[in-house]
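Undergrad: Can you look at this prediction? I've put the sequence above it.
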Amino acid sequence: MKIRLIVLIQACLILTACKPPEETRMKAIIGAVLIDPAAPPLSRSVLVVAGQRIRAIGDQSSTPVPAGSEKINGAGKFLIPAPVEISSLDSMPRISKMDELKTRLKEGATVFSGMVTDVEEFDQTLVQQMRDLRIVFVPQLHSLTGSALEAAGRNSRKLASLGVMIAASAGPNAEREWERLARAGLSPREVLASATTNAARAAGLSEQSGALAPGLKANLWLLAGNPLENVSNLSRAERILMEGEWKQ
């Protein structure tokens, strides 16, 4: 009898150990407007999280919610990728002059802290080169004042409109940076991209974060307001999910 009991217990332990851990930790955010900077908004969405990663995304009519999932009502809310912190800012080439930018480009740099402020127009060949190389600028407008702020804001707007990536790091100055980028003339979608997709590119995390897609880490903000209508809504996170776990 004891032997049969031991065998039964061992079998149960083996079955439990073999069960994929992510299958026991699924979450489904249902009904939110899903907003990814690179795609049109998706209303009445379903986003399924398994473990630390996004498992599935779609509309409610075609995306099943796994049985036993933790269900989060997202109706009336807006779901975005979590803004990304760029921890390598101090080690990036910092530029403010065109000559500095060209020198660093020749040296192979692809991410820059700061923004060119000594020119008002950019050579189209240079702009095309920066687009092809997927260069990212982190202008850090929050640290500037006066004429330097005006010039950096103007050129951040110009480069963004020409398809060059502008990024903003999440952190203590994030809200101020988003506001200044918006005041400089970047659209709400461009500001959202700067905080998410482009920041992930600058941080070397594009394959993990900064967008909403199956396989990426489940780093998500559920907002009370639409960030594509007003940049200030980026600061209105009601719930925060990081690597599949609720932090707020």
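TA: Okay, I see it. All values derive from a computational prediction rather than experimental measurement.
Undergrad: residues contacting the residue lying closest to Leu223 once chain neighbours are set aside?
TA: Spatial nearest neighbour of Leu223, excluding adjacent residues (CB to CB, 6 or more residues apart in numbering): Phe78 at 4.3 Å. Every C-beta, even on glycine, is put in place using the N, C-alpha and C of the backbone. Contact analysis of Phe78 by CB atoms under 8 Å, 6 or more residues apart in numbering lists 32-33, 35, 222-227, 233.
Undergrad: For Phe78, report the pLDDT, please.
TA: Predicted confidence (pLDDT) at Phe78: the value is 98.
Undergrad: Name whatever forms a beta bridge with it.
TA: Beta bridges link Phe78 to Val33, Leu223, judged by DSSP bridges.
Undergrad: Can you tell me how far it is from Thr196?
TA: Counting by CB to CB, to the nearest Å, the separation of Phe78 from Thr196 is 13 Å.
Undergrad: before we move on, what about Arg180?
TA: Counting by CB to CB - Arg180 and Thr196 are separated by 17 Å.
Undergrad: what does Val111 give?
TA: Taking CB to CB, one finds Val111 at 16 Å from Thr196.
Undergrad: And Glu179, by the same measure?
TA: In terms of CB to CB, Glu179 sits 16 Å off from Thr196.
Undergrad: okay, these two: which has more neighbours?
TA: Higher neighbour count among Glu179 and Thr196: Thr196, with 30 against 17, using other CB atoms under 10 Å.
Undergrad: before we move on, back to that, can you select the buried ones among the contacts of Phe78 for me in ChimeraX?
TA: In ChimeraX syntax, the buried subset of the contacts of Phe78 is picked out as below (16 or more other CB atoms under 10 Å):
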select :32,33,35,222,223,225,226,227,233
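Undergrad: all helices of this structure, in order?
TA: Here the chain has its helices, by DSSP state H, at 2-18, 98-106, 124-133, 146-161, 174-184, 188-195, 197-203.
Undergrad: By mean pLDDT, show me the worst of the ones you listed.
TA: When I compare the helices of the chain, helix 2-18 is least confident, with a mean of 43.
Undergrad: domains in this protein, as residue ranges please.
TA: The chain breaks down by automatic domain parsing into domains covering 21-82+211-246, 89-203.
Undergrad: what about the longest one, start to end distance?
TA: Using CA to CA, to the nearest Å, the end-to-end distance of domain 89-203 comes out at 9 Å.
Undergrad: and that domain, how far out from the chain's middle?
TA: Computed by CA atoms, centre = their mean, to the nearest Å, the chain-centroid distance of domain 89-203 equals 16 Å.
Undergrad: go on, the shortest one?
TA: Taking CA atoms, centre = their mean, the mean C-alpha location of domain 21-82+211-246 is offset from the chain mean by 13 Å.
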